[in-house]
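J.: have a look at this prediction, sequence included:
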Amino acid sequence: MNIKGTVTLKQGRDHSVKRFHPWIFSGAVQSYTDSLQDGDWVEVQDARKTTLGYGHYQKGTITVRVITPGHAAPGPAIYNSKIEKALAVRLEAGVLSHSTNACRLVHGEGDGLPGLIVDIYHDVAIVQAHSAGMHHDRMHIAEAVKAVLTQASLNVGAVYYKSLLDKTGSEYLLGMAAVPHVVLEHGSKFYVDWEEGQKTGFFLDQRENRKLLGEMAKGKTVLNTFCYTGGFSVYALQNEAKLVHSVDASEKAVALTRKNLALNGYDPNVHECVASDTFDFLKDKKDVYELVILDPPAFAKHKDARHQAVKGYQRLNAEAMKMIKPGGIIFTFSCSQVVDRQLFYDTVVSAGIQAGRPIKVLHHLSQPADHPVSLYHPEGEYLKGLVLYVE
Ligand code: SAH
C-alpha cells in the first residue's frame, strides 16, 4: 500500500491503539502531514515517532481507522489476508451450509477492516464502504473478495459496490448478476435486491433469531411488525404457525414480504401483509396475537437522538405488551448502536411497568457470528433483543 503521510499522536494518547481499538479520534492527534487527502493510507506514530500502526486517514471526528496495528507496513495483499481471516471465522462458526448460502463476510471493525462491509448472497458479493479509505480501495477489495472466495471453492461471479450516497455511485466492480436473486437461509428462500433494497438488500443479522422464533411459533397466531422482507414471517410459517400477519410502513417492503411468502409456498392473502404504521396497527388488536415481533429500524443513529429513541422503544414495547394475548411471547429488538444493552433492557422494564402486566425474560438475543465484535471495540455490538413471556 502506498503510505501518503504520517499522523502523530499527542503524548500519552497511544493507549487505545496499542489495545487494538481501531479508531484514532481527532482530539488525540498532535500533527499530520499537510498534503493528506481523505482516504489516504497513513502511518500512525506516538509522540516519540515510534510506529503504532497503519490505516485510512479521513478529516473528521475519527481521523484514522487503523487497519494494521503494529510496526509492519501493510503489503499489497493486505485485503487478501484480512478477508481470508474473515472467511475462516465464518467457516469455523459454520455459518454457511447446504441450507444457508448468504452471510456477512466482512463486518467492519469486528474483522479488523474498519469502514468495510461485505455481504455474500450465494454467488454475488456486495461491498459497502463506510469510510473514504474503503471507498477509495473498493477495486482492490473486490479483487481480494473474489480471489479469496475462489480459492475456498466458493463461486462468486459478481461483486457489486453499493454506494451509501446515491444509486449513481453504485456499480458492478466485477462481473454482473440479475436482481432479484434468490438466497437460502436455514432452508427458507428469500428474494434479495441489493440494487433497490435497504442496506445491502437483506438483514442477515437476524438469521439465528429468526430460527429461534420459528421454533417458538408452532400453532400460534403471529404478528411481525417492521417486517421488511418478511424474514420472521416465513420462518414462523415454515414451523407451522397458525396464522401470520406482517406489517410495514413501506409499500415496497409489504410487496417484498408477499413475494417471499409465495416463494416459500404460502398464500399472502391468507397470511395478510399490511402497509401501515406499526403504532396505528397495534391500536385495536387486543388479545388477537400470541407471538409478536418488534424489530424497528434504528430509532437513534446519533447520541443526540438517544432520548427520543428510548421514548420510542418504550412506547412501542408498552403497546405490544398491552395488546398481546395472555401467555403470549414478544421478540423485541433494538439495532441502535447508541442504545446499549443495559439501556435497552431498562427501557423494556419501564414499558412493562407502563403496561402493568407480569412479564418474564426467556432469552437475551444478539447478532450472529458473521457479525463479530472485537473485544476491544465494544461499539461494534449493535443488535440487542429480548424474548419476553407476558402472563
Ligand atoms: N425485521 C426485518 C428488518 C426490519 S428493517 C428483517 O428481519 O429483515 C425496518 C423496517 O421498518 C423497514 O422495512 C421500514 O420500512 C419499517 N418501518 C419504519 N418505520 C415504521 C413504522 N412506523 N411502522 C411500520 N414499519 C416501519
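T.: Everything's here; your move. Numbers count the residues shown, from 1 in each chain.

J.: where's the nearest residue to residue 366 once chain neighbours are set aside relative to the ligand, distance?
T.: Distance criterion C-beta to C-beta, 6 or more residues apart in numbering; nearest residue to residue 366, sequence neighbours excluded, is residue 383 at 6.1 Å. Just so you know, the C-beta spots here come from the backbone N, C-alpha and C atoms, and that holds for glycine as well. Distance, residue 383 to the ligand, using C-beta to the nearest ligand atom, to the nearest Å: 11 Å.

J.: what's near enough to touch residue 383?
T.: Applying C-beta atoms under 8 Å, 6 or more residues apart in numbering, we find residue 383 in contact with 205, 206, 333, 334, 335, 365, 366, 367, 371.

J.: which parts of the stretch 251-391 of the chain sit against the ligand?
T.: The stretch 251-391 of the chain has residues 253, 277, 278, 295, 296, 297 near the ligand, with proximity defined as C-beta under 6 Å from any ligand atom.

J.: next, give me the two most distant ones among the residues you listed.
T.: Largest separation among these by C-beta to C-beta: 277 and 295, giving 14.9 Å.

J.: which stretches of the stretch 1-150 of the chain form strands?
T.: 3-9, 23-25, 29-32, 41-45, 51-57, 62-69, 102-107, 116-121, 124-129 (DSSP state E, counting those that start in this stretch).

J.: now do the longest helix along the chain, average pLDDT.
T.: The single longest helix within the chain, with elements called by DSSP state H, is helix 306-323. Average pLDDT, helix 306-323: 97.

J.: cool, stretch 343-361 as well?
T.: On average, stretch 343-361 scores 98.

J.: stretch 367-387 too?
T.: pLDDT averaged over stretch 367-387 gives 97.

J.: and stretch 186-202, by the same measure?
T.: On average, stretch 186-202 scores 95.

J.: with respect to the ligand, which of the contacts of residue 383 is nearest?
T.: The ligand lies nearest to residue 206 out of these, by C-beta to the nearest ligand atom, at 4.3 Å.

J.: that closest one: how many residues sit nearby?
T.: Neighbourhood size, residue 206 [other C-beta atoms under 10 Å]: 26.

J.: what's the pLDDT at the nearest residue to it once chain neighbours are set aside?
T.: Distances taken as C-beta to C-beta, 6+ apart place residue 231 nearest to residue 206, at 5.9 Å, with adjacent residues excluded. On pLDDT, residue 231 comes in at 98.

J.: can you check residue 331 too?
T.: So residue 331 comes in at 99 (pLDDT).

J.: follow-up on the earlier one: the residue nearest to residue 206 and the ligand, how far apart?
T.: Going from residue 231 to the ligand by C-beta to the nearest ligand atom gives 4 Å.

J.: can you map out the strands along the stretch 151-300 of the chain?
T.: Here the stretch 151-300 of the chain has its strands, by DSSP E, counting those that start in this stretch, at 158-161, 171-174, 181-185, 188-192, 221-225, 243-248, 273-275, 291-294.

J.: now render these as CSV, adding mean neighbour count.
T.: Listed next are these as CSV, based on neighbours: other C-beta atoms under 10 Å:
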stretch, mean neighbour count
strand 158-161, 22
strand 171-174, 15
strand 181-185, 19
strand 188-192, 20
strand 221-225, 26
strand 243-248, 24
strand 273-275, 18
strand 291-294, 27
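
J.: residue 277 and residue 295 - which one has more neighbours?
T.: Neighbour totals were compared for residue 277 and residue 295, and residue 295 leads with 22 against 12 (other C-beta under 10 Å).

J.: that one touches residue 229, doesn't it?
T.: No: using C-beta atoms under 8 Å, residue 295 makes no contact with residue 229, being 11.2 Å away.

J.: need the pLDDT of the closest residue to residue 329 other than its chain neighbours.
T.: Leaving aside its sequence neighbours, residue 329 sits nearest to residue 291 (C-beta to C-beta, 6+ apart; 4.8 Å). pLDDT recorded at residue 291 is 98.

J.: quick one, what contacts residue 291?
T.: Shown in contact with residue 291 (C-beta under 8 Å, 6+ apart): 213, 216-217, 220-223, 236, 241, 328-331.

J.: could you rerun that using 7 Å?
T.: Contacts for residue 291 (C-beta atoms under 7 Å, 6 or more residues apart in numbering) come out as 216, 217, 220, 222, 328, 329.

J.: over to the fifth one: give its phi and psi.
T.: Just to be clear, that refers to residue 328. Here is the backbone geometry of residue 328 (degrees, to the nearest 10): phi -80, psi 160.

J.: distance of it from the ligand?
T.: Distance from residue 328 to the ligand, by C-beta to the nearest ligand atom: 19 Å.
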